[in-house]
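Participant: Just to be clear, the model below is a prediction. Sequence and coordinates:
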Amino acid sequence: MNKRITVLSGDYIGPEIVEQGILALEAAARRFGHRFEFCRVDFGGAAIDSAGVPFPEETRKACEEADAVLLGSVGGPKWDSVPKEIRPEKGLLQMRSALGLFGNLRPAKLHPQLAFACPLRPEIVEKGIDIMTVRELTGGIYFGSHETSVQNGERVAADLMAYSEHEIDRILRVGFEAARKRRKRLTSVEKSNVLDCSRLWKERAHALSAEYPDVELIDMLVDNAAMQLVRDPSQFDVLVTENMFGDILSDESSMIVGSIGMMPSASLRDDSFGVYEPIHGSAPDIAGRDLANPIGTILSAAMMLRYSFGMAREADAVEAAVDAVLDSGLRTADIMSAGMKRAGCREMGAAIAAAIG
Ligand SMILES: NC(=O)c1ccc[n+]([C@@H]2O[C@H](COP(=O)([O-])OP(=O)(O)OC[C@H]3O[C@@H](n4cnc5c(N)ncnc54)[C@H](O)[C@@H]3O)[C@@H](O)[C@H]2O)c1
Ligand SMILES: CC(C)[C@H](C(=O)O)[C@@H](O)C(=O)O
Ligand SMILES: [Mg+2]
């Protein structure tokens, strides 16, 4: 099969990790007889430098013309003082919105080889951790109005959270469908004791649950969910939530599976197109030193194969290669432990590509 992949490397560690994702995709293409064409365009801070804005029209066109997009990470101190309308992170939100990517899948699965890297007690870890967070990605407080005004002689900042029923229903359906294919437990995370958005969310979750009698629906307040994630993560199968709660809880779940460098994501809409990126940021503190863990990006490439290209065998091969390399003892600094072999980002990426075949 021929596929076109637009590559947005982004900033700081972005180019380092994305190159390893590309190596994995090329290895999968070679082994299974596909042709993947990569088109690299500027995005985020790199696009501010070259074009003055983080999501230029040309980048948007390159995304729209592709079958899928591989993204590194954007932002960092170099662009922290640019006007908020052209921040690299604003470009990321513009891209998600322009491409209609409302459904964000963030799987957190503990690789048994990394049990030691989980900060929870062994008896908690032994019960297994395999959570799919389904995060709403194009609505809520990220996309409401953001204003700072002067009232009574002082500045007042306001950010609006708004959700319409159709936005809530379509992401809840992604959650129900995902749970149906897994262990059939859907935890709907909200703050219905305070927020109207959450009250509407909870009401819609119960209305839709009639269409999914095979899926158990559990309501959970977000503060409790944050606590339960570290008390007993094995209770969660699929967790569905709004944009900001999902951002926070997915970083929390990344640490209980060992490192934020391990976590992939897929940002999807109703057709097969998707944007694939690790959930972490541009990690300026380790950029340019070959220290980043590329596994979150490589597993994002596996999600691309599975969700956008319908290539389950190929995705399995990439995931199996990650397991094999972890079994071999190779570790980047963030998941290093005694007796293991320390690798840089490039060595880890090359080993995984070689293991794909
Ligand atoms: N999707 C994105 O592009 C995205 C996501 C989150 C943050 N950001 C941006 O990234 C910048 C830095 O944000 P931050 O420092 O809060 O979060 P971060 O995720 O970049 O880093 C947090 C910590 O995790 C470590 N880390 C992250 N990825 C790693 C990897 N692959 N391997 C090993 N260690 C890794 C970093 O070294 C750092 O100590 C900010 O400008 C932020 O807005 C971008
Ligand atoms: C950089 C930022 C806008 C982004 C988000 O909050 O969605 C990031 O934290 C993520 O998790 O992808
Ligand atoms: Mg985040």
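Facilitator: The structure has been received and is ready for your questions. Ligands and ions are numbered 1, 2, ... in the order given.
Participant: Show me what from the protein comes close to ligand 2.
Facilitator: Taking C-beta under 6 Å from any ligand atom as the test, the list of the chain residues beside ligand 2 reads 75, 89, 92, 247, 279. Heads up, the C-betas are built off the backbone N, CA and C, glycines and all.
Participant: Please, where are all the helices along the stretch 251-357 of the chain?
Facilitator: 295-303, 312-327, 345-356 (DSSP state H, counting those that start in this stretch).
Participant: for the stretch 1-150 of the chain, same thing?
Facilitator: Assigned by DSSP H, counting those that start in this stretch, the stretch 1-150 of the chain shows helices spanning 14-32, 45-51, 57-64, 88-98, 122-125.
Participant: How many neighbouring residues does the residue in the stretch 201-350 of the chain that ligand 1 sits nearest to have?
Facilitator: Relative to ligand 1, the nearest point of the stretch 201-350 of the chain is Gly281 (2.4 Å; C-beta to the nearest ligand atom). Per other C-beta atoms under 10 Å, the neighbour tally for Gly281 reads 20.
Participant: Nearest residue to it in space, please, no chain neighbours.
Facilitator: Leaving out its chain neighbours, the residue that sits closest to Gly281 by C-beta to C-beta, 6 or more residues apart in numbering is Ser73, at 5.1 Å.
Participant: ok, for the one residue in the stretch 251-357 of the chain that gets nearest to ligand 2, nearest residue in space, not its chain neighbours?
Facilitator: Using C-beta to the nearest ligand atom, the closest approach of the stretch 251-357 of the chain to ligand 2 is made by Ile279 at 5.2 Å. Distances taken as C-beta to C-beta, 6+ apart put Met263 closest to Ile279, at 4.6 Å, once the chain neighbours are dropped.
Participant: burial of the closest residue to Ala205 other than its chain neighbours, as a residue count?
Facilitator: Spatially, and ignoring its direct neighbours in sequence, Ala205 is nearest to Ser188 (4.4 Å; C-beta to C-beta, 6+ apart). When neighbours are counted by other C-beta under 10 Å, Ser188 registers 26.
Participant: Partner strands of the host helix or strand of Ser188, with direction?
Facilitator: Using DSSP states H and E, Ser188 maps to strand 185-190. If you go by DSSP bridges, strand 185-190 pairs up with strand 216-221 (parallel), strand 238-241 (parallel).
Participant: Next secondary structure element downstream of that strand?
Facilitator: As assigned by DSSP H and E, the chain's next helix or strand after strand 185-190 is helix 196-209.
Participant: other SSEs contacting that following helix?
Facilitator: Judged by 3 or more C-beta pairs under 8 Å, 6 or more residues apart in numbering; DSSP states H and E, helix 196-209 is in contact with helix 165-180, strand 185-190, strand 216-221.
Participant: Give me whichever of the ones you listed is most buried.
Facilitator: strand 185-190 (a mean of 24; mean count of other C-beta atoms under 10 Å).
Participant: which ones among the residues of the chain next to ligand 2 come in contact with ligand 1?
Facilitator: Residues of those in contact with ligand 1 (C-beta under 6 Å from any ligand atom): 75, 89, 92.
Participant: ok, those vs ligand 2, which is closest?
Facilitator: Nearest to ligand 2 among these: Glu89, at 4.0 Å, using C-beta to the nearest ligand atom.
Participant: Identify the residues contacting that closest one.
Facilitator: Glu89 makes contacts with 54, 74-75, as judged by C-beta atoms under 8 Å, 6 or more residues apart in numbering.
Participant: Same question for Phe273.
Facilitator: Taking C-beta under 8 Å, 6+ apart as the criterion, Phe273 is in contact with 66-68, 99, 308.
Participant: ok, of the residues you listed, which one's closest to Leu172?
Facilitator: Leu99 (20.9 Å; C-beta to C-beta).
Participant: Please read off the pLDDT at that closest one from the model.
Facilitator: For Leu99, the model assigns a pLDDT of 98.
Participant: do you know how far Arg27 is from ligand 2?
Facilitator: No, residue 27 isn't Arg; it's Ala. Applying C-beta to the nearest ligand atom, to the nearest Å, the value for Ala27 to ligand 2 is 26 Å.
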